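1. Could you work out the structure for the sequence below:
(chains A and B)
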Amino acid sequence: MPSISSKEKPMDSMYYGDTLIVDLEAGRTGQVSFDEVDEAGPGLPAGLALYEKYKEFDPLIFGSGLFTGTPVPGACLGFVLGKSPLTGEPAVAPLNLFAGAEMKLSGFSMVVVKGASAKPVYLWLHDGVPDIEDASALAGKDTWDTTDGIRREMGEGLIQVICIGPAGEAGSDSAALSINYWGSGDTAALGAVMGRKNLKAVALRGLGMLDADEPEEFYDGALELLASAKVDTGFKSMCSALGAPDLDAWLSPIAHRRRACFACPATCATFVKYNEAPSVMESTDVEEPGMLIANAAAALWLMQGGWDVEAACRAMEAMAREGLDMVRGARELSETPLTDAGKITAAVKALEGSTAARWTVAEPAAPGLFGPWVPPLGGYESWLEANRIGYSLGICPTFLLLCGTDTSRLLELCVPAAGLETGQDEIAGMYG
Amino acid sequence: MRVKAKPLECTGCALCELACGYHWDEAFSLISSSIMLYRAEEKKDYMGLIVKTDEDLFIGRPEGAEAVKLGDLQKGGKGGGASAKPILIREACDLCESSGLEPQCVAVCPHGALYLE
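-> Numbering: from 1, shown residues only, chains lettered A, B, ... in the order given. Model prediction:
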């Protein structure tokens, strides 16, 4: 197990103390001291500092925020940071669901992947041990088969798999990384960067333990925030705030259950079933009954394009399998509603994507570092602040925008967490 | 008195696991808790909750809940599935009595999926 919290530096608590460097060209891993993190700030600001430091090696940074993996509401968030092939500038993709927390509990809060491998590999991070594994058998496989293949090889069904499909391997500008089977909010084509590196996946499993400097004060504060959070279910509040039609009503004929990301009281994902009745609760012989709809922007595009809900969800499954950016893909597909399964598969494979993904309603989110994964709720300044605070602390920005979190109280928790005094202005300053 | 679950109210956020782990270790992890999500069949969205006590496992499956005696599990009785072995080596739920708090898993669940009976 990794050592935790020596408390010699301000942010040793909640972190494990070192940054992992993965040199794919040399096939080696090593660790460097964490000084950049203390200087730059927690979470994404630390990632940006590491990006600058290793820029000549075309780095991908896998990171987590200060509270990621704790019971602070919404503390699911990690990130992948790299140079977007779409803009040539650094851009971030969210690691939500269980991936961000699993990464931190695997013993690594910051991982720099530099260079490119000569053959397909995947990075296996588990209990403080980094291994570079041969991925030749996974080459060409879609994200579903890749996730299943790694879980089967390691004999553990709870491994979180950040992976690419055929689109990423081909270096398509439409490629996105996927979290397990379900796609992701990668709208910067970082999946293509993984493909360029011959990095098929990063697999995560951790039984680590996170300490706070003042555990009781931190825990009580987290529960206080949890108690005051608006418990949101489904997409209703999001759609209402955007002035968009009701996604929940559209999904309802095939909706199975609402799902949440790690440590989040909101349920911004809905599992839909179309290969068996959505009312079936047992585990049946149907191995792939449906799809987790966790990308509201993609669903909105297809719904507003006039797609039948089942056909749209099948299209989202196809995009997730291929490892395509669902937002840009759905925008293009929205113009021609399809119902035939074969035509949907062919249309998804033919997607060439676009560099101008936008939400369908309200102010378009600014391109650049954060991208349009987080809905443009409350105006640009609120959106930007939620992204900055969220990616620093490891709190989902959508949760911050939707659930009425007291950000001042949230930032105060940095003190019992890790002895870090900070505020909104300081967080903004960390982004330059 | 024991912790029971309404599995269909559960959204899989794992806050209960975190709170229980904190009760035992004053730290945050997914390995120490007496309650755990069953989430090994992710592609099927088949998810439930398991609570370990001194005498049995309360297994809340989506299709229904039951308590299974530990002895029956070790003899190969039904219940628990792939998650049975890991939870069997964990501490049994003490309703948070040792920390003087109300049961923390029930307190933190945002959707009322856990209750005392």
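
2. quick one: the residue most central in space within chain A from A:Glu426, how far?
-> In chain A, the residue lying closest to the centroid (CA atoms, centre = their mean) is A:Leu95, at 2.1 Å. Using CB to CB, to the nearest Å, A:Leu95 is found at 24 Å from A:Glu426. Yep, even glycine has a C-beta here, placed from its N, CA and C like the rest.

3. With A:Lys53 instead?
-> Distance from A:Lys53 to A:Glu426, counting by CB to CB: 22 Å.

4. Sketch out the low-pLDDT regions of the chain for me.
-> In the absence of a named chain, chain A is used. Scanning chain A for pLDDT under 70 picks out A:1-12, A:15-17, A:34, A:36, A:352-367.

5. that answer is for a different chain, and I need it for chain B
-> Regions of chain B meeting the criterion pLDDT under 70 cover residues B:73-85.

6. What count of nearby residues applies to the nearest residue to B:Leu95 once chain neighbours are set aside?
-> With sequence-adjacent residues excluded and distances taken as CB to CB, 6 or more residues apart in numbering or on different chains, B:Leu95 is closest to B:Pro103, at 5.0 Å. Look at B:Pro103: counted by other CB atoms under 10 Å in any protein chain shown, it has 23 neighbours.

7. wait, B:Pro103 sits on B:Val3?
-> Yes: look at B:Pro103 against B:Val3 with CB atoms under 8 Å: they come within range, at 5.9 Å.

8. Spit out the residues that contact these two alike.
-> The contact sets of B:Pro103 and B:Val3 overlap at B:Cys93, B:Leu95, B:Leu114, B:Leu116 (CB atoms under 8 Å, 6 or more residues apart in numbering or on different chains).

9. and the lengthiest helix in chain B, how far out from the chain's middle?
-> In chain B, taking DSSP state H as the definition, the longest helix is helix B:15-25. Here the centre of helix B:15-25 is set off from its chain's centre by 11 Å, with CA atoms, centre = their mean, to the nearest Å.

10. Quick one: list the elements packing against it.
-> helix A:215-228, strand B:35-41, helix B:104-108 (3 or more CB pairs under 8 Å, 6 or more residues apart in numbering or on different chains; DSSP states H and E).

11. Now with 6 Å, please.
-> strand B:35-41, helix B:104-108 (3 or more CB pairs under 6 Å, 6 or more residues apart in numbering or on different chains; DSSP states H and E).

12. Show me what the shortest one is packed against.
-> Packing contacts for helix B:104-108, counted by 3+ CB pairs under 6 Å, 6+ apart, involve helix B:15-25.

13. A:Leu50 contacts A:Val113, correct?
-> No: with contact defined as CB atoms under 6 Å, A:Leu50 does not reach A:Val113; the gap is 10.7 Å.

14. In terms of neighbours, single out the busier of those two.
-> Taking other CB under 10 Å, A:Leu50 and A:Val113 do not tie; A:Val113 has more neighbours (28 against 24).

15. Look at the more buried one and give its secondary structure.
-> Assigned with DSSP: H, G, I helix; E, B strand; the rest coil, A:Val113 falls in the strand class.

16. which ones are touching it?
-> A:Val22, A:Leu60 (CB atoms under 6 Å, 6 or more residues apart in numbering or on different chains).

17. Tell me how far it lies from chain B.
-> Counting by CB to the nearest CB, to the nearest Å, the gap from A:Val113 to chain B is 25 Å.

18. do the same with A:Ala418
-> On the measure of CB to the nearest CB, A:Ala418 and chain B end up 13 Å apart.

19. Also A:Gly290?
-> 7 Å.

20. residues near the closest residue to that residue other than its chain neighbours, how many?
-> Spatial nearest neighbour of A:Gly290, excluding adjacent residues (CB to CB, 6+ apart): A:Lys273 at 3.8 Å. By other CB under 10 Å, 22 other residues sit near A:Lys273.

21. List phi and psi for the residue lying closest to B:Glu102 once chain neighbours are set aside.
-> When the adjacent residues along the chain are set aside, B:Glu102 lies closest to B:Cys96, with 6.5 Å between them (CB to CB, 6+ apart). The phi/psi pair for B:Cys96 (degrees, to the nearest 10) reads phi 60, psi 20.

22. So what's the residue count around B:Cys96?
-> B:Cys96: 20 neighbours (other CB under 10 Å).

23. ok, now A:Asp134?
-> Considering only other CB under 10 Å, A:Asp134 is surrounded by 12 other residues.

24. Residues of chain A that sit close to chain B?
-> A:70-71, A:157, A:207, A:209-211, A:215, A:219, A:231, A:256, A:258-260, A:262-265, A:267, A:271, A:281-283, A:288-289 (CB under 6 Å from any CB of the partner chain).

25. Spatially, what comes nearest to the residue of the stretch 201-350 of chain A found nearest chain B if we skip its sequence neighbours?
-> Closest contact between the stretch 201-350 of chain A and chain B, by CB to the nearest CB, is at A:Pro265 (3.5 Å). Closest residue to A:Pro265 apart from its sequence neighbours, by CB to CB, 6+ apart: B:Pro110 at 3.5 Å.

26. Please confirm that that neighbour is located within a strand.
-> No: assigned with three-state DSSP, B:Pro110 falls outside any strand and is coil.

27. my read: it touches A:Val231, true?
-> Yes: B:Pro110 is within contact range of A:Val231, at 4.9 Å (criterion: CB under 6 Å).

28. For B:Phe28, what are phi and psi?
-> phi -120, psi 120.

29. Quick check: it vs A:Ala201, distance?
-> 26 Å.

30. list the contacts for A:Asp246?
-> If you count contacts by CB under 6 Å, 6+ apart, then A:Asp246 has A:Cys239 around it.

31. And B:His23, by the same measure?
-> B:Cys96, B:Ser99, B:Gln104 are the contacts of B:His23 under CB under 6 Å, 6+ apart.

32. quick one, strands of chain B?
-> B:3-5, B:35-41, B:46-52, B:56-61, B:64-69, B:114-116 (DSSP state E).

33. residues of the last one that come out buried?
-> The one in question is strand B:114-116. Residues of strand B:114-116 classed as buried: B:Leu114 (neighbour count, 16 or more other CB atoms under 10 Å in any protein chain shown).

34. near chain A, anything from it?
-> No: using CB under 6 Å from any CB, strand B:114-116 stays clear of chain A, with a minimum separation of 13.7 Å.

35. count of residues packed around A:Pro265?
-> Using other CB under 10 Å: A:Pro265 sits among 24 other residues.

36. sorry, back to before: now the residue nearest to B:Glu102: how far from A:Tyr122?
-> Taking CB to CB, one finds B:Cys96 at 40 Å from A:Tyr122.

37. re the thing from before, output the contacts of B:His23 as JSON lines; include the columns distance to A:Ala297.
-> Output for those, formatted as JSON lines (distance: CB to CB, whole Å):
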{"residue": "B:Cys96", "distance to A:Ala297": "41"}
{"residue": "B:Ser99", "distance to A:Ala297": "43"}
{"residue": "B:Gln104", "distance to A:Ala297": "36"}
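
38. out of the residues you listed, who's nearest A:Trp182?
-> Set against A:Trp182, the nearest of these by CB to CB is B:Gln104 (29.5 Å).
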